[in-house]
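Peer 1: only geometry, no sequence info:
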């Protein structure tokens, strides 16, 4: 790669990271500075302040779904971070999942995406046997959208089912009622193992004073109905009555400090080493342009310890790189799309980022090997799909692709997916997209997730729309067709951005490439809390 191309790539990535940081800066304000000030006047900390105080000082943490809700619900003023903050971090030296309602966002009310985000946090906790700490401060379901939050399997009620399941699995859950906790939401803290409530601030009841008055005609104030004294001294619903936010959080730290440990998975880890090559060089090597190749090996060398890896079948199936390496000391198996144009053993040129039969065959076998040796898998996605055409079909591309999808689906070692560039079509599935249960899945700022690229999709959609118009007797000029194509392309491309994906939790976060090692390392550490099941691939065509 020449210096000019490197500099262009670097500038594009830095611009994308600046955009990411700008969006995150706004998101971190939740409902805005005035709402934050209002919480402080009540003597309350915000969700993010509570989490910062709870986590061990100077320790690493990762936030799941910071950009959830981005651009959604404009008719209701938006829903920053889905109205809830979810973080994996360390409390009293123990890795935990922390879930905190953000009362500055619609009083912490639950939108449909809020429920989805809470369920994702619980899913991560269950898969990795992580203790969960809920910091509850919510007005309950957002009533204008109650039909999308209440009754379905992936809605609000599933959370309480998960509370029960986690308890049966021996996963500790602690809830702190630090504000409102009403109606069905009241079950979450009480289905946890232990609960705390902040005096004169927290309240918990199935129906608030207004609803009680409407339902049975009783006049009662909030504190008498379900305040801290009532729910600890009279009903016995809660376990600890604490005077303020900080005392509440300090008590949680003390409780967590006494947790015992369970059986570990036993993933191999040695002393961590930084890459010998500069990680920052990823910015210049990586090409966000879908049609420009780059050598994925050079990206890998800047992500792995000592910049060293052992490549599996390096001369076969070259559009997928399979390699053993270490990341922050952890042994990993890497499955990465090669974006360089390569030459097959038969002398044929193969497009970078496309999965061919030999690549799928190699990757499937490598995934099985990693399962046999209990090595976590890391997928680096920059894939435009499987190869099409008569030669590929006659060669059995569907069979080989199915073999790879089968191996990914049945893999029992933890999988971690980094969407570095494109994630199109069935390539998303074979390279462990969200539907294939990666423990964590994140995207780089220039990544794209879609059925196909915007240019190709727009042309297909244009043909359909033009044919529809012409069948009704309307002929379009070339100028009108071009205008229609541009409109279709712009609209389609909006739905392929990492922000669109992150808003809907198709990915857990959008990250600076330089955070990749941290996410993988903390992900494997979390996964090491849970034993690995036996691997069985089932039936597929060899």
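Peer 2: Nice, I can see it. Predicted, not measured: the structure shown is a model, and the values here were computed from it.

Peer 1: drop to CA atoms for contacts and neighbour counts, all remaining ones
Peer 2: OK.

Peer 1: In the stretch 301-450 of the chain, mark out all the helices, start to finish.
Peer 2: Listed in chain order, the helices of the stretch 301-450 of the chain (DSSP state H, counting those that start in this stretch) span residues 357-372, 390-394, 397-410, 425-430.

Peer 1: which stretch in those helices has the least confidence?
Peer 2: Within the helices of the stretch 301-450 of the chain, the stretch with the lowest mean pLDDT is helix 390-394, showing a mean of 85.

Peer 1: Show residues contacting that helix.
Peer 2: Contact with helix 390-394 is made by 356, 357, as judged by CA atoms under 8 Å, 6 or more residues apart in numbering.

Peer 1: cool, and stretch 423-430?
Peer 2: Under CA under 8 Å, 6+ apart, the answer for stretch 423-430 is 355, 381-386, 401, 404-405, 408, 435-436, 447-453.

Peer 1: cool, stretch 366-373 as well?
Peer 2: Everything outside stretch 366-373 that qualifies as a contact, by CA under 8 Å, 6+ apart, is 312, 322, 333, 376, 377, 407, 408, 411, 412, 413, 535.

Peer 1: wait, what's in contact with the second one?
Peer 2: Applying CA under 8 Å, 6+ apart, we find residue 322 in contact with 311, 312, 313, 314, 333, 334, 335, 336, 362, 363, 366.

Peer 1: Farthest pair within those residues?
Peer 2: Spatial extent of these (CA to CA) is set by the pair 314 and 333 at 14.1 Å.

Peer 1: For those two, indicate the residue with more neighbours.
Peer 2: When residue 314 and residue 333 are compared for neighbours, residue 333 comes out ahead with 27 against 13, by other CA atoms under 10 Å.

Peer 1: Run through the residues that contact that one.
Peer 2: 322, 323, 324, 325, 367, 370, 375, 376, 377, 378.

Peer 1: While we're on the fourth one, how confident is the model there?
Peer 2: What the model reports for residue 325 is a pLDDT of 98.

Peer 1: burial of the closest residue to it other than its chain neighbours, as a residue count?
Peer 2: Among residues not flanking residue 325 along the chain, residue 309 sits closest, at 4.6 Å (CA to CA, 6 or more residues apart in numbering). When neighbours are defined as other CA under 10 Å, residue 309 has 19 of them.

Peer 1: Surely residue 309 is in contact with residue 327?
Peer 2: No: shown here, residue 309 and residue 327 do not form a contact pair, counting by CA atoms under 8 Å, at 10.2 Å.

Peer 1: Secondary structure element for residue 299, which one?
Peer 2: helix 296-301 (DSSP states H and E).

Peer 1: what does that helix contact?
Peer 2: Contacts of helix 296-301 (CA under 8 Å, 6+ apart): 275, 277, 282, 285-286, 307-309, 321, 336-340.

Peer 1: ok, the residue nearest to residue 325 to residue 366 distance?
Peer 2: Using CA to CA, to the nearest Å, residue 309 is found at 14 Å from residue 366.

Peer 1: Drop anything exposed from the contacts of helix 296-301.
Peer 2: 275, 277, 282, 285-286, 307-309, 321, 336-340 (16 or more other CA atoms under 10 Å).

Peer 1: which residue ranges form the helices in the stretch 1-150 of the chain?
Peer 2: 3-27, 33-41, 47-54, 112-128.

Peer 1: tilt between the third one and helix 33-41?
Peer 2: Here helix 47-54 runs at an angle of 50 degrees relative to helix 33-41 (axes from the mean of the first three to the mean of the last three CA atoms, to 10 degrees).

Peer 1: tell me the mean pLDDT for helix 47-54?
Peer 2: So the average pLDDT for helix 47-54 ends up being 98.

Peer 1: Tell me which other helices or strands it touches.
Peer 2: When contacts are defined as 3 or more CA pairs under 8 Å, 6 or more residues apart in numbering; DSSP states H and E, helix 47-54 sits against strand 84-91, strand 94-101, helix 245-257.

Peer 1: can you put these in a markdown table and add mean neighbour count, distance to residue 128 and mean pLDDT?
Peer 2: Shown next, in a markdown table, are the helices and strands packed on helix 47-54 (neighbours: other CA atoms under 10 Å; distance: least, CA to CA, whole Å; pLDDT from 0 to 100):
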| stretch | mean neighbour count | distance to residue 128 | mean pLDDT |
| --- | --- | --- | --- |
| strand 84-91 | 25 | 11 | 98 |
| strand 94-101 | 25 | 10 | 98 |
| helix 245-257 | 17 | 17 | 98 |
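
Peer 1: Just send these back as a markdown table, with distance to residue 123 too.
Peer 2: Shown next, in a markdown table, are the helices and strands packed on helix 47-54 (distance: least, CA to CA, whole Å):
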| stretch | distance to residue 123 |
| --- | --- |
| strand 84-91 | 12 |
| strand 94-101 | 10 |
| helix 245-257 | 20 |
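
Peer 1: Ok, which of those comes nearest residue 187?
Peer 2: strand 94-101 (15.0 Å).

Peer 1: partners of that closest one in the sheet?
Peer 2: strand 84-91 (antiparallel), strand 132-138 (parallel) (DSSP bridges).

Peer 1: before we move on, back to that, show me how to select, in PyMOL, the buried members of the contacts of stretch 366-373.
Peer 2: Per 16+ other CA under 10 Å, the buried members of the contacts of stretch 366-373 correspond to this PyMOL selection:
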select buried, resi 312+322+333+376+377+407+408+411+412+413
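
Peer 1: just the strands in the stretch 151-300 of the chain please.
Peer 2: Applying DSSP state E, counting those that start in this stretch to the stretch 151-300 of the chain gives strands spanning 173-182, 194-198, 203-205, 240-242.

Peer 1: quick one, which of these is nearest to residue 476?
Peer 2: Across the strands of the stretch 151-300 of the chain, closest to residue 476 is strand 173-182 (CA to CA), at 57.3 Å.

Peer 1: pLDDT averaged over the closest one, what's the number?
Peer 2: Mean pLDDT, strand 173-182: 95.

Peer 1: how many other residues sit next to the closest residue in space to residue 322 that isn't next to it in sequence?
Peer 2: In space, and not counting its chain neighbours, residue 322 is closest to residue 335: 4.7 Å by CA to CA, 6+ apart. Residue 335 sits with 23 neighbouring residues when counted by other CA under 10 Å.

Peer 1: Model confidence at residue 335, what's the number?
Peer 2: Confidence score, pLDDT, at residue 335: 98.

Peer 1: I'd assumed residue 376 was in contact with it.
Peer 2: No: using CA under 8 Å as the test, residue 335 is too far from residue 376 to be in contact (10.9 Å).

Peer 1: can you pull the contacts of residue 405?
Peer 2: Going by CA under 8 Å, 6+ apart, residue 405 touches 364, 429, 430.

Peer 1: Could you check how far the residue in the chain sticking out farthest from the centre is from residue 454?
Peer 2: Distance from the centre of the chain peaks at residue 473, with 47.5 Å (CA atoms, centre = their mean). Using CA to CA, we find residue 473 at a distance of 28 Å from residue 454.

Peer 1: how many other residues sit next to residue 474?
Peer 2: 11.
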